[in-house]
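Asker: no sequence on this one, just coordinates:
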């Protein structure tokens, strides 16, 4: 069952932290597939965090995103 389209395909945001978007990618390597999940703020277009795994789906006890970045002060007022 597909997830509901809560944004109704409108990927613009007027202020920071109003809308976030997630993405999931598979990269095939010589050692096997690697999976990347990421989250982006649609106002600043900055990546908020990501996680990687060599298993799909990841185990239920998977850790939170491995890397997150604090929002720089200019992210609140500009689109980088």
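Answerer: Received the coordinates, thanks. The shown structure was predicted, so the numbers you read here are calculated from the model rather than taken from an experiment.
Asker: how about the strands in this structure?
Answerer: 20-29, 32-41, 46-53, 67-68 (DSSP state E).
Asker: ok, the residue lying closest to residue 52 once chain neighbours are set aside - contacts?
Answerer: In space, and not counting its chain neighbours, residue 52 is closest to residue 36: 5.3 Å by Cβ to Cβ, 6 or more residues apart in numbering. For the C-beta atoms, the positions are set from N, CA and C on the backbone; glycine is no exception. Contacts for residue 36 were tallied using Cβ atoms under 8 Å, 6 or more residues apart in numbering; they are 24-27, 50-52.
Asker: gap between residue 36 and residue 43?
Answerer: 22 Å (Cβ to Cβ, to the nearest Å).
Asker: with residue 29 instead?
Answerer: As judged by Cβ to Cβ, residue 29 and residue 43 stand 33 Å apart.
Asker: residues in contact with the most centrally placed residue in the chain?
Answerer: Residue closest to the average C-alpha location in the chain (Cα atoms, centre = their mean): residue 39, at 1.5 Å. Under the criterion of Cβ under 8 Å, 6+ apart, the contact partners of residue 39 comprise 20-22, 47-50, 65.
Asker: same deal with residue 22?
Answerer: 37-40.
Asker: ramachandran angles for the residue of the chain most remote from its centre?
Answerer: Outermost residue of the chain with respect to the C-alpha centroid, by Cα atoms, centre = their mean, is residue 30; its distance is 25.1 Å. The phi and psi values for residue 30, taken as degrees, to the nearest 10, are phi -60, psi -30.
Asker: need the pLDDT of it.
Answerer: On pLDDT, residue 30 comes in at 95.
Asker: dump the residue contacts of residue 15.
Answerer: residue 43.
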